[in-house]
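>>> fold the following and give me the result.
(3 chains)
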Amino acid sequence: MFLFDDLADIQLVDVIEMLGTVAFAISGIRLASAKRFDWFGAIVVGFVTAVGGGTLRDLLLNVPVFWMQASRYIWCTVLAFLIVLCFRKFLVHLNNTIFWFDCIGLGLFAVVGYEKALSLDFPVWVCIAMATITGIFGGIIRDILINEIPIIFTQELYAVACILGGLLFSILYYLNIDLVVIEIATAVFVVIIRIVATKYHLRLPILKGED
Amino acid sequence: MFLFDDLADIQLVDVIEMLGTVAFAISGIRLASAKRFDWFGAIVVGFVTAVGGGTLRDLLLNVPVFWMQASRYIWCTVLAFLIVLCFRKFLVHLNNTIFWFDCIGLGLFAVVGYEKALSLDFPVWVCIAMATITGIFGGIIRDILINEIPIIFTQELYAVACILGGLLFSILYYLNIDLVVIEIATAVFVVIIRIVATKYHLRLPILKGED
Amino acid sequence: MFLFDDLADIQLVDVIEMLGTVAFAISGIRLASAKRFDWFGAIVVGFVTAVGGGTLRDLLLNVPVFWMQASRYIWCTVLAFLIVLCFRKFLVHLNNTIFWFDCIGLGLFAVVGYEKALSLDFPVWVCIAMATITGIFGGIIRDILINEIPIIFTQELYAVACILGGLLFSILYYLNIDLVVIEIATAVFVVIIRIVATKYHLRLPILKGED
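Residues are numbered from 1 along each chain as shown, chains lettered A, B, ... in the order given. Modelled structure (predicted):
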């Protein structure tokens, strides 16, 4: 079938990635709706939030763009739209659940980004940069589309979680740890940093003093 | 001659595409001028409006960027600038004509985008996505550059016209209709949807209800 | 060492380019800080200001993205951040020095952009476009990230300096002048135009008159 992916090819990591995609898309759809975007506009912003970081990464790495290889990213965005459409009055009670998916998505996106650069033999700092870009650029493009200052630049530790996750990946990889262990450790590490940072409102300082 | 294209190579479809390019560029130049951009700024915004969608499409498809293969897109933008410069006080009376060119441009851009993805053997949903991106992303980047919320997300059916056009193309192609017939039918279909939607103010609904 | 470039490979032109990179990054970091971006946000905006134009150029030309081949662009951005962090109260007295580095950076970026397109046998107008994109797009993306209208579209001659520099390069190259002479002449020409334009507040006119 040309519109759907072969479900037999989908593995556990894909399921986690799809949860992250849905969570990212929901954040885009809600923010776009608050700005009175129409249905299609909300779906586009949701999709861009979910795949924007990975798209920029793939363009920079000059590899085929991931969401053009499988239609599930589009279907996850449509699902996210249906969730917001049907449950919008109750979504505020689901904020905690969505936040969890968002954290897990970030952890997984960081790992995927790191490994794509690693598989192309890029140096470690490019791998860390790709982990970070995969994690944060969807949200940046989302905020540009809704004409707001990107929130991740003023929020609790977000990009820093990706960078630290990338550093952990680099160290464990240098120590020849098994790849599956590295992947899980990195993703969990990113998720923990995000949760701790959000709970305790940890932020980076702001540069000021100039007039 | 290195600055101009060989006119002998230009065909009817190129002429229509150039009309669309001029119409798209005019919309960018007028909006940029209203924001007090200087001449060069207006030309850049006009150019980006005309070629931005196709540029993103070509980057995503990893094919040579179309406007770097022929200089006529730059000359069409310069022509659009001269039209706005010379006739700005009368342009408001030409709004109807410019709207027509804009619709025709959209129809043609959608067809061109679909066919580029099709010729690279992408699945049908990627073809539809490329038709839509080619049609709408120039306007989105234009609105980002002038620091406004992208109007196509709140306007009469615009992206939807590209999507429906892409669906029609897919169905006719599946039915083995002659390619020239498909191209004309798709472009005309997109134009008709745009005109009907504008005349009757057809819009997609807005998601709301959350606080 | 995998984090730093081999210093033995660095030549005079690289040193000048690094000065330009630092100057461009400082402008991004200062503007982001004024918008209350956190440290990481300021570094990202600084980095994007410095490398954004060259990144778009490399994507359009379909060549490996330059800052992924050498880590010095990241270190230059970190250095720029440390300069702003430590000397922010005195930076206003250094505005003149930073302006000089910025001008020299622009001249050099334009030359680098032109030559990359030339080495790929693109026609002269693509070379001029790449010189201009390399020079101006970092600043445009910076202004989009801080949610302002791109200043270069309303400012003293900036893009025009790149275009005129590109034209000079084209003429001298057509005349078979020695390449090193062309490079120096073009960069100096761009710097002079910028300085004269800034001193005498030379701007392009604005299109107006429409309602």
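>>> please name the nearest non-neighbouring residue to the residue of chain A found nearest chain B.
Nearest residue of chain A to chain B: A:Gly41, at 2.8 Å (Cβ to the nearest Cβ). C-beta: built from backbone N, CA, C; applies to glycine. In this structure, A:Gly41 finds its nearest non-sequential neighbour in B:Phe153, 2.8 Å apart by Cβ to Cβ, 6 or more residues apart in numbering or on different chains.
>>> what about that neighbour, how many neighbours?
When counting by other Cβ atoms under 10 Å in any protein chain shown, one arrives at 28 neighbours for B:Phe153.
>>> just A:Gly165 next, same as before
30.
>>> surely the residue nearest to A:Gly41 and A:Gly46 touch.
No: taking Cβ atoms under 8 Å as the definition, B:Phe153 is not a contact partner of A:Gly46, at 11.8 Å.
>>> so which elements touch the helix or strand of chain A with the lowest mean pLDDT?
Of all helical and strand segments in chain A, the minimum by mean pLDDT, DSSP states H and E falls on helix A:12-34, at a mean of 87. Applying 3 or more Cβ pairs under 8 Å, 6 or more residues apart in numbering or on different chains; DSSP states H and E, we find helix A:12-34 packed against helix A:39-61, helix A:72-87, helix A:95-119, helix A:124-145.
>>> next one: the shortest one, is it in contact with chain B?
Yes: applying Cβ under 8 Å from any Cβ of the partner chain, one finds helix A:72-87 touching chain B at A:Ile74, A:Val84, A:Leu85.
>>> nearest to B:Ile206, of these?
Nearest to B:Ile206 among the residues of helix A:72-87 next to chain B: A:Leu85, at 11.2 Å, using Cβ to Cβ.
>>> check what pLDDT that closest one gets.
A:Leu85 is assigned a pLDDT of 91 by the prediction.
>>> list the contacts of it.
B:Leu207 (Cβ atoms under 8 Å, 6 or more residues apart in numbering or on different chains).
>>> residues in contact with A:Leu59?
With Cβ under 8 Å, 6+ apart as the criterion, the residues that contact A:Leu59 are A:Val65, B:Leu59, B:Leu60, C:Leu59.
>>> distance to A:Ala129 for the residues you listed - can I get that in JSON lines?
Shown next, in JSON lines, are the contacts of A:Leu59 (distance: Cβ to Cβ, whole Å):
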{"residue": "A:Val65", "distance to A:Ala129": "18"}
{"residue": "B:Leu59", "distance to A:Ala129": "19"}
{"residue": "B:Leu60", "distance to A:Ala129": "21"}
{"residue": "C:Leu59", "distance to A:Ala129": "16"}
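>>> closest one of those to C:Lys116?
Nearest to C:Lys116 among these: C:Leu59, at 11.9 Å, using Cβ to Cβ.
>>> report pLDDT for the residue in chain A positioned nearest to chain C.
Closest contact between chain A and chain C, by Cβ to the nearest Cβ, is at A:Phe153 (2.8 Å). pLDDT recorded at A:Phe153 is 88.
>>> cool, and A:Ile206?
A:Ile206 is assigned a pLDDT of 87 by the prediction.
>>> sorry, back to before: Serialize the helices and strands packed on helix A:12-34 to CSV and add fields for distance to B:Thr186.
Listed next are those as CSV, based on distance: least, Cβ to Cβ, whole Å:
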stretch, distance to B:Thr186
helix A:39-61, 19
helix A:72-87, 21
helix A:95-119, 36
helix A:124-145, 27
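>>> of those, which is nearest B:Ala70?
helix A:39-61 (23.0 Å).
>>> didn't the residue of chain A closest to chain C look like it was pressed against C:Ile43?
No: shown here, A:Phe153 and C:Ile43 do not form a contact pair, counting by Cβ under 8 Å, at 9.8 Å.
>>> one step back: which residues touch the residue nearest to A:Gly41?
B:Phe153 neighbours (Cβ under 8 Å, 6+ apart): A:Ala32, A:Phe37, A:Asp38, A:Phe40, A:Gly41, A:Ala42, A:Val44, A:Val45, A:Leu145.
>>> which parts of chain A sit against chain B?
A:2-3, A:29-30, A:32-42, A:44-45, A:55, A:59, A:62, A:64-65, A:68, A:71, A:74, A:84-85, A:88-89, A:91-92, A:144-147.
>>> hmm, back to that, doesn't B:Pro150 make contact with the residue of chain A closest to chain B?
Yes: taking Cβ under 8 Å as the definition, A:Gly41 is a contact partner of B:Pro150 at 7.4 Å.
>>> more neighbours: these two, which one.
A:Gly41 (29 against 23).
>>> residues contacting that one?
A:Gly41 touches A:Ala32, B:Pro150, B:Ile152, B:Phe153, B:Thr154, B:Leu204, counting by Cβ under 8 Å, 6+ apart.
>>> re the thing from before, which of the helices and strands packed on helix A:12-34 has the lowest average pLDDT?
Across the helices and strands packed on helix A:12-34, helix A:95-119 has the smallest mean pLDDT, namely a mean of 90.
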